[in-house]
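*Asks:* Here is my input; please provide its structure:
(chains A and B)
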Amino acid sequence: MTFTDREILETIRMVELETLDIRTTTLGISLFDCADPDLESTCEKVYTKVVHHAAGLVDIVDTIHEDYGIPIVNKRIAVTPISWIAAASGAEDLVPLARALDAAAAEVGVDFIGGFSAYVDKGYTYADRAVFDSIPEALAQTERVCSSIALASTRTGINIDAVSHFADVVLETARRTADRGALGCAKLVCFCNPVQDNPFVAGAHIGVGEPETVLSIGVSGPGVVRSALARLEPDADLLAVAETIKRTAFKITRMGELVGREAARRLGTSFGIVDVSLAPTPAVGDSVADILELIGVDRVGGPGTTAALALLTDAVKKGGVMASSSVGGLSGAFIPVSEDRGMIQAVLDGALSLDKLEAMTAVCSVGLDMVAVPGDTPRSTLTGIIADEMAIGMVNLKTTAVRIIPVPGKGPGELVEWGGLLGTAIIQDPGRFGCRALHARGGRIPPPLQGFRN
Amino acid sequence: MSRRFLTAEDVRRSEGAEIIVEPTTVVTPQALDAARERGISVRTESGEWQPGPPDRGPDAERALRSLPHLPEPEDNPSLASSAIVTAVGKNRAGVLAEITATIAAMKGNVHDVSQKVVEGYFHMILTVELPEGGSFHELKTGLECLGNPEDFAVRVMNERVFRFMHRV
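*Replies:* Down below sits the predicted model:
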C-alpha cells in the first residue's frame, strides 16, 4: 500500500510540530484480593501485586515507542479504590497504604498511581471515613499517589455532608503542603458520576466490574486540532469547524487504538478503553483555549465560549467513537486552568472568571480543574463551589469534577508557580458571598428525576 | 482458586520448617525475609518457589484471543513490517545515497521513493520493507543518527501508524 505525500507529511507534522502524543498508558490493577484483616499484610500484598503486574509496563511501553516511532509520554497505574480494600482491616490510619502504593509506583518507574479513593455519594463506611481522614497526610508524605472521591451521582444525588468534609480535606491538604504551593491538592479530585475506567490522573482508578488487570490509553492532541482549525478558511461555517475537529479526533484516536492493542497484547492483558481527551499542557500551542479562540471567541471566557466548547467536546467524542469501538473514559476536552497557557493568560487579562469556568464545565468533559483560590477561602464557600459543580453533573447525567487548590497565604490575582505539567495559576476570586446556611443544613440533595430511568 | 498471597504474617503464624505454596502464589518480599530469618523454606510441591509471570485474570486469555480478530485498516500482510522514512533538509550531493546506503546495510528494501527539492531544501519520503526478523528500532536509530540539525533531519515511523490514521 502506498500513502500520498500529503498523508505522510500530515502525520509527521502532527507528531513533530503539533505535539501529538499518547498522553498516558495506564495499567489498571484490581486489588480486591489484597484485602486482609491486618493492615500491614494488606500493604505487603498491595505493594507486591502492583510491582508484580506493572514491573514490565515501562519497558513494554518504551518498546512500543521504539517500534512505532510514536511518542508515549506517561506510564501510570490505576487501582481499586483503597477504601474497598482497607475495609477488611478496620484500620483508621491508611497512610501506610498510600506509602505502599507510592513505593510500588517508584519501584516500577511510573510517575503516578491513582486509586487512594472512596465512593461516598450516598454515605460512608468506616473505611471511607478512614480514607478521608488519611488523605492530607497521605498526599503530603507521598509523591506519586493520587486521590479521588465520588461525592455525587445522578442515581444517588449529592452527599452534602461529604462535600463539606471534602472541603475540609482540601483545606487540610493545602495546609500540609503549603511549602510547595499547596501542591498536594493537585493530586486530589472529587467527582459526580465518576468514570470507573478513567486512565487520566488525578481521577484514575478502576471500579467494580473491571477485569483483574486492564490496559487503557489516554490520547491527547490539542495542538493538532488547533493547527487543523488554523488551516481552515476563516469564513468556514461552524458545521465545517465541527467536521474538521471530528476528522482530526478520528486520526488521533486511531493512533491510541493502535498503541492500546499493541500494549495490551505485549502485556498479555485485557484492552480497556481509549480516552480521547484534549488535555492541554503548558507547552506553547498545546492549548484548548487557543482552539476556542480559533473557533471564534475573542478571548476564552467571553460570550460564546460555552457554545464553542460544547461544539469542541461533542466533535471530539464523535470523531473518537468512529475511530475505535473502545472509546470511553472522559473523552472530550479538559480545561485545567493552570496547565493551559491560553487559559492563564485569559485569567490574567480578566477575560475568564470562575463563574464562566463553571458554565464551561457543563459542556466540557470533566469540570473545574486546577483552579486556584485564596488559602483563606471559607470552608462553606468551598463546599458551595463543589456542590454547584456536582449539581451540574448530577442533572446533566455527565461526569463533573473539582480539583481546586486553596493556596495558603495568597490572595486573588496573585501567581503560583508549580512548574512542570501543572503549570502556573492565578488565584481566582470566589466572590464575597458564601452559603453558610446551606452548608450548616448538611444532609443530602436527592437525585433528580433523570436518575430514575429504569 | 489457589492461595493468592503468602505474607510475612502467614510465615510468622506457620509452624514447621517449610511452607508449601502453589506455583502461582505471590510471595511478598517481606514473607521471604521472614522465612529466611526463621530458617523456614518456602517451596512448591515440585521444588523451589520462583516468582511466576503475572496472572492477568480469568478473562485475559479470552481478551487476547479476540485481539487479532479486530480488523486492521486495509490489512496488507506483505507490508506488515514496513517503515516510512521521511527526510527534510538542505539539499546537497549524496543525501539520497547516504540514506539509502544505510537502509541497504540493514537489508531494507525500498518500495517507494518520492523526492522534491524546493528552493534548496529537499523533502524525501521512502517506504521501506524490513527483512524478516529485521529490527525496526535499529533501522530507526541508524537513520535518525544520520541527520544533524545543521544538515537534514530524518524521521522513521512504522507503516502501521499511517494505516491506522489514514485508512479505515
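
*Asks:* can you pull up the bridge partners for the nearest residue to residue B:152 once chain neighbours are set aside?
*Replies:* Excluding its sequence neighbours, the residue lying closest to residue B:152 (CB to CB, 6 or more residues apart in numbering or on different chains) is residue B:89, at 2.2 Å. Just so you know, the C-beta spots here come from the backbone N, C-alpha and C atoms, and that holds for glycine as well. When assigned by DSSP bridges, residue B:89 has beta-bridge partners residue B:122, residue B:152.

*Asks:* shouldn't residue B:89 be in contact with residue B:121?
*Replies:* Yes. Residue B:89 is within contact range of residue B:121, at 6.8 Å (criterion: CB atoms under 8 Å).

*Asks:* Between the two, which is the more surrounded one?
*Replies:* Counted by other CB atoms under 10 Å in any protein chain shown, residue B:89 and residue B:121 do not tie: residue B:89 has more neighbours, with 19 against 12.

*Asks:* which residues touch the more buried one?
*Replies:* Contact analysis of residue B:89 by CB atoms under 8 Å, 6 or more residues apart in numbering or on different chains lists B:95, B:121-122, B:147, B:151-153.

*Asks:* Out of these, which two sit at the greatest distance?
*Replies:* B:121 and B:147 (13.4 Å; CB to CB).

*Asks:* Outline the domain layout of chain A.
*Replies:* With domains defined by automatic domain parsing, chain A comprises A:21-192, A:219-443.

*Asks:* Turn those domains into TSV, including mean neighbour count, distance to residue A:204 and mean pLDDT.
*Replies:* Converted to TSV, those look like this (neighbours: other CB atoms under 10 Å in any protein chain shown; distance: least, CB to CB, whole Å; pLDDT from 0 to 100):
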stretch	mean neighbour count	distance to residue A:204	mean pLDDT
domain A:21-192	23	3	96
domain A:219-443	21	9	94
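
*Asks:* where do the helices sit along the stretch 101-250 of chain A?
*Replies:* Assigned by DSSP state H, counting those that start in this stretch, the helices in the stretch 101-250 of chain A fall at A:126-141, A:160-176, A:222-231, A:238-267.

*Asks:* What of chain B?
*Replies:* B:8-13, B:29-38, B:60-66, B:95-105, B:136-144, B:159-166 (DSSP state H).

*Asks:* host element of residue A:9?
*Replies:* Using DSSP states H and E, residue A:9 sits within helix A:5-16.

*Asks:* relative to helix B:159-166, how tilted is that helix?
*Replies:* Taking axes from the mean of the first three to the mean of the last three CA atoms, to 10 degrees, one finds helix A:5-16 and helix B:159-166 inclined to each other by 100 degrees.

*Asks:* So for helix A:5-16, what gets flagged as buried?
*Replies:* Neighbour counts over helix A:5-16 (16 or more other CB atoms under 10 Å in any protein chain shown) mark A:7-12, A:14-15 as buried.

*Asks:* Run through the residues that contact the spatially most central residue of chain B.
*Replies:* Closest residue to the average C-alpha location of chain B: residue B:137 at 9.4 Å, with CA atoms, centre = their mean. For residue B:137, the contact set (CB under 8 Å, 6+ apart) comprises A:63, A:66-67.

*Asks:* of those residues, list those near chain B.
*Replies:* Among the contacts of residue B:137, the ones lying near chain B by CB under 8 Å from any CB of the partner chain are A:63, A:66-67.

*Asks:* got JSON lines for those, with distance to residue B:101 and secondary structure too?
*Replies:* JSON lines is the format used below for the ones next to chain B among the contacts of residue B:137 (distance: CB to CB, whole Å; DSSP: H, G, I helix; E, B strand; the rest coil):
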{"residue": "A:63", "distance to residue B:101": "27", "secondary structure": "helix"}
{"residue": "A:66", "distance to residue B:101": "23", "secondary structure": "helix"}
{"residue": "A:67", "distance to residue B:101": "23", "secondary structure": "helix"}
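
*Asks:* burial count for the residue of chain B found nearest chain A?
*Replies:* In chain B, the residue that lies nearest chain A is residue B:57 (2.4 Å; CB to the nearest CB). Residue B:57 has 19 neighbours, counted by other CB under 10 Å.

*Asks:* who's in contact with it?
*Replies:* So, once contact is read as CB under 8 Å, 6+ apart, residue B:57 ends up touching A:30, A:211-213, A:269-270.

*Asks:* quick one: which of these is nearest residue A:130?
*Replies:* Nearest to residue A:130, judged by CB to CB, of those is residue A:30 at 20.3 Å.

*Asks:* Let me know the distance separating the residue in the stretch 301-450 of chain A that chain B sits nearest to from residue A:270.
*Replies:* Nearest to chain B, among the residues of the stretch 301-450 of chain A, is residue A:325, at 8.1 Å (CB to the nearest CB). Noted for residue A:325: a distance of 14 Å to residue A:270, by CB to CB, to the nearest Å.

*Asks:* now do residue A:45
*Replies:* According to CB to CB, residue A:45 stands 21 Å off from residue A:270.

*Asks:* can you check residue A:20 too?
*Replies:* 26 Å.

*Asks:* what does residue A:135 give?
*Replies:* For residue A:135 relative to residue A:270 (CB to CB), the value is 30 Å.

*Asks:* Ok, residue A:147 next?
*Replies:* According to CB to CB, residue A:147 and residue A:270 sit 25 Å apart.

*Asks:* Same question for residue B:124.
*Replies:* For residue B:124, the distance to residue A:270 equals 41 Å [CB to CB].

*Asks:* for chain B, what are the nearby residues on the stretch 1-150 of chain A?
*Replies:* Residues of the stretch 1-150 of chain A lying near chain B (CB under 8 Å from any CB): A:1-3, A:5, A:7-12, A:15-16, A:30, A:33-34, A:36, A:38, A:40-41, A:44-45, A:47-49, A:52-53, A:55, A:63, A:66-70.

*Asks:* Please identify which of the helices of the stretch 101-250 of chain A is closest to residue A:154.
*Replies:* Of all the helices of the stretch 101-250 of chain A, helix A:160-176 comes closest under CB to CB, at 15.8 Å.

*Asks:* Which phi and psi values does residue A:156 adopt?
*Replies:* With angles defined as degrees, to the nearest 10, residue A:156 sits at phi -110, psi -10.

*Asks:* That one and residue A:87: what is the separation?
*Replies:* Distance, residue A:156 to residue A:87, using CB to CB: 19 Å.

*Asks:* And residue A:197, by the same measure?
*Replies:* Residue A:197 is 22 Å from residue A:87, where distance means CB to CB.

*Asks:* How is chain B divided into domains?
*Replies:* For chain B, automatic domain parsing gives the domain ranges B:5-68, B:77-166.

*Asks:* next one: the last one to chain centre, how far?
*Replies:* Read that as domain B:77-166. Domain B:77-166 sits 20 Å away from the centroid of its parent chain (CA atoms, centre = their mean, to the nearest Å).

*Asks:* same check, this time on the first one
*Replies:* Centroid displacement of domain B:5-68 relative to its chain, using CA atoms, centre = their mean, is 28 Å.

*Asks:* How about stretch A:155-174?
*Replies:* Distance of stretch A:155-174 from the chain centroid (CA atoms, centre = their mean) equals 18 Å.

*Asks:* what residues are up against the closest residue to residue A:327 other than its chain neighbours?
*Replies:* With CB to CB, 6+ apart as the criterion, residue A:327 has its nearest non-adjacent residue at 4.3 Å, and that residue is residue A:320. Residues near residue A:320 by CB under 8 Å, 6+ apart: A:249-250, A:253, A:274, A:276, A:327, A:331.

*Asks:* Pick the one among the contacts of residue B:57 closest to chain B.
*Replies:* Looking across these and measuring by CB to the nearest CB, the closest to chain B is residue A:212, at 2.4 Å.

*Asks:* Distance of the closest one relative to residue A:248?
*Replies:* In this view, residue A:212 and residue A:248 are 35 Å apart by CB to CB.
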